[in-house]
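J.: For reference, the sequence and a predicted model appear below.
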Amino acid sequence: MPRKFISFLGAIPYEPARYFFDNNTALLSQPTVYVQEAIFEKVLTDWQPTDAVIIFTTEQALHYNYQNRITRGEGLLEGKGLEQILQRLSQQGRIGLFSAVNIPNGNTEEEIWAVFQTVFQSIAEGDELYFDITYGFRSLPMLGMVLLDYVRTLQQVKIRRIFYGNYEAGRNNQRPGEVVNAPVLDLTPFAQLQEWTAAARAFLQGGNAEPIASLTEQNNPEISRNLRLFAPAILTCRGLQITKDIDISSFKTLVDSSLTLPIAAQLRPLLEKIQEKLSPFSSDNLQNGLNAVKWCIDNGLIQQGYTFLQETMVSIVLERVLSSAYLTERKYRTNAGAALNGIKPDRLRLRSDETIPNDEYTQLFDYVQRHPGLVDLYKRLIGHDGLRNDINHCGFKTGYAMPSTLKDELSTLYQHLIQINLQ
């Protein structure tokens, strides 16, 4: 995967410093005016000829710190800028390609967007990025963080490190006559926090657990695996999987126990939200079908919600009256649907391969009749003008329901159903 080191350069005088990384003051770089040199000395020691170094400069920065070096006491030192250092590193085989790219000063909103576009165009699909914002001026550090999140989403890049050389912190501890020892801060966790934020949004607003599953895979593989079972089962309407096959109770126990362990600060709130969303569910329970309807309503999965609502009603009637052994029997599901439609035993007309014993159908019909409102609710759901048909046939009918109506009616039907005590 191609690697790119992206850095900015200002037009002010920079003083020599010895930089250290990862809070290890024993591992100091050689004195250097430019933090980029220290980064390649101490961190990016395996840079390859195919890896790129890109330095973004304004016209002033190009003249004062890239081609030459501006100082406070000696004026302009021609040919002593960052370019010369990069040339030396290249000749030593420690870096490969390097270039300076011009950007505007960023004094106006138009110029800020021009900077954004220029940096964006330097990044290709699948790049691994190492980003240095030490000399970022004005809005560049904030712009850089936003840009990194943007390209990570749009171009599938990997953010490996974000560096910030804190010269001022080192100068506060400087002894007279000594070169400053300055820390280089690793700001990568801030980019990771953006990634966690996006994952949280996907899960909490849309029920999409894949981003969280990917982020937890390395340190919490069991949680990752269970998320990849549970959330897609709702997304793809796997009713039997949600109500019978997935061991949701063990998953909940796993999440609960994980919250008692030392975990990353950004993971804890997400696990708490997962815990909250899982709380209504339990293993081997048809009630999970109704919980799935609520999940769909909360996450905008309207078509899935209608499917879960209908099929859960059929399943509950079968389990309450006969046995859960019939849940996957097509003819029994057909008959339970007929009972929910209010079809009396003497008016039932089915194909020969869909018939069940008369006494069993009568039990199904009587159960439905004992629960006032159930027939009307089911007809509103799947009747000739029912919303389940409307949504599953893409609204290809005169007087189709609007999206807001489909959502509101699903919520209304769900609320009415849970008020009917299906015992």
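T.: That came in fine, so what should we check first?
J.: remind me which residues of this protein are low pLDDT?
T.: The chain contains residues with pLDDT under 70 at 138-139, 262-264, 423.
J.: any idea which residue sits dead centre in it?
T.: A199 (2.3 Å; Cα atoms, centre = their mean).
J.: so that one is in which element?
T.: Element membership of A199 [criterion: DSSP states H and E] is helix 188-206.
J.: How about residues contacting that helix?
T.: With contacts defined as Cβ atoms under 8 Å, 6 or more residues apart in numbering, helix 188-206 is touched by 145, 148-149, 152-153, 159-162, 208-212, 214-215, 231, 266-267, 269-270, 273-274, 299-300. The C-beta positions use only the backbone N, C-alpha and C, and glycine is treated the same way.
J.: next one: the helix or strand following that helix to chain centre, how far?
T.: Later in the chain than helix 188-206, the nearest helix or strand by DSSP H and E is helix 210-216. Centroid separation between helix 210-216 and its chain, computed with Cα atoms, centre = their mean, to the nearest Å, is 7 Å.
J.: do the same with stretch 29-46
T.: Relative to the chain's own centre, stretch 29-46 is displaced by 34 Å; criterion: Cα atoms, centre = their mean.
J.: related to what we said a few turns ago, ok, of the contacts of helix 188-206, which come out buried?
T.: 145, 148-149, 152, 159-162, 208-212, 215, 231, 266-267, 270, 274, 299 (16 or more other Cβ atoms under 10 Å).
J.: Just the ones in strands from those, please.
T.: Members of the buried ones among the contacts of helix 188-206 lying in strands (criterion: DSSP state E): I159, R160, R161, I162.
J.: For the nearest residue to Q67 once chain neighbours are set aside, grab phi and psi.
T.: Closest residue to Q67 apart from its sequence neighbours, by Cβ to Cβ, 6 or more residues apart in numbering: G81 at 5.2 Å. Per-residue torsions, G81: phi -90, psi -170 (degrees, to the nearest 10).
J.: any idea how far G81 lies from A52?
T.: Counting by Cβ to Cβ, to the nearest Å, the gap from G81 to A52 is 19 Å.
J.: For the stretch 51-200 of the chain, which segments count as strands?
T.: Listed in chain order, the strands of the stretch 51-200 of the chain (DSSP state E, counting those that start in this stretch) span residues 52-57, 69-70, 76-77, 97-102, 128-132, 158-165, 180-186.
J.: Centre of the chain to the longest one, how far?
T.: Strand 158-165 sits 20 Å away from the centroid of its parent chain (Cα atoms, centre = their mean).
J.: Run through who's touching it.
T.: Here strand 158-165 has contacts from 1, 3, 17, 19, 35, 38-39, 43, 127-134, 141, 145, 148, 152, 182-188, 190-192, using Cβ under 8 Å, 6+ apart.
J.: just to revisit the earlier point, need the ones in strands among the buried ones among the contacts of helix 188-206 in a markdown table with distance to T398, can you?
T.: Shown next, in a markdown table, are those (distance: Cβ to Cβ, whole Å):
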| residue | distance to T398 |
| --- | --- |
| I159 | 52 |
| R160 | 57 |
| R161 | 60 |
| I162 | 57 |
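J.: ok, which pair from the residues you listed is furthest apart?
T.: Across those, no pair lies farther apart than R160 and I162, at 8.6 Å, counting by Cβ to Cβ.
J.: Quick check: N208 touching P232?
T.: No: look at N208 against P232 with Cβ atoms under 8 Å: they stay out of range, at 9.4 Å.
J.: buried subset of the contacts of strand 158-165?
T.: Among the contacts of strand 158-165, the ones that count as buried by 16+ other Cβ under 10 Å are 3, 17, 19, 35, 38-39, 43, 127, 129-134, 141, 145, 148, 152, 182-185, 187-188, 191.
J.: And the helices in the stretch 1-150 of the chain?
T.: Taking DSSP state H, counting those that start in this stretch as the test, the helices found in the stretch 1-150 of the chain are 35-42, 59-61, 82-91, 109-121, 140-155.
J.: again, but for the stretch 301-423 of the chain
T.: Going by DSSP H, counting those that start in this stretch, the stretch 301-423 of the chain shows helices at 302-321, 330-340, 358-369, 374-382, 387-392, 403-419.
J.: for these, which one ends up most surrounded?
T.: helix 302-321 (a mean of 22; mean count of other Cβ atoms under 10 Å).
J.: Contact partners for V43?
T.: Contact analysis of V43 by Cβ under 8 Å, 6+ apart lists F21, R161, F163.
J.: which residues does the last one bridge with?
T.: With beta bridges defined as DSSP bridges, F163 has these partners: D132, D186.
J.: from now on call the first residue 24
T.: That works, and once the first residue is 24, the last one we named lands at F186.
J.: how close does it sit to F154?
T.: Look at F186 and F154: by Cβ to Cβ, they are 7 Å apart.
J.: can you check Y187 too?
T.: 10 Å.
J.: circling back: export the strands of the stretch 74-223 of the chain to JSON lines and tack on distance to D431?
T.: JSON lines is the format used below for the strands of the stretch 74-223 of the chain (distance: least, Cβ to Cβ, whole Å):
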{"stretch": "strand 75-80", "distance to D431": "51"}
{"stretch": "strand 92-93", "distance to D431": "65"}
{"stretch": "strand 99-100", "distance to D431": "70"}
{"stretch": "strand 120-125", "distance to D431": "52"}
{"stretch": "strand 151-155", "distance to D431": "45"}
{"stretch": "strand 181-188", "distance to D431": "41"}
{"stretch": "strand 203-209", "distance to D431": "49"}
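J.: between these, which gets nearest to S302?
T.: For those, the distance to S302 is smallest for strand 181-188, at 34.1 Å, taking Cβ to Cβ.
J.: For the closest one, output the C-alpha coordinates as PDB.
T.: In PDB, the C-alpha atoms belonging to strand 181-188 read as follows (Å, rounded to 0.1, in the frame of the first residue of the first chain):
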ATOM      1  CA  LYS A 181      -5.400   4.600   6.400                       C
ATOM      2  CA  ILE A 182      -4.300   7.200   8.900                       C
ATOM      3  CA  ARG A 183      -1.200   5.800  10.500                       C
ATOM      4  CA  ARG A 184       0.300   8.700  12.500                       C
ATOM      5  CA  ILE A 185      -0.400  12.400  13.100                       C
ATOM      6  CA  PHE A 186       2.600  14.300  14.400                       C
ATOM      7  CA  TYR A 187       2.700  17.600  16.300                       C
ATOM      8  CA  GLY A 188       6.100  19.000  17.400                       C
END
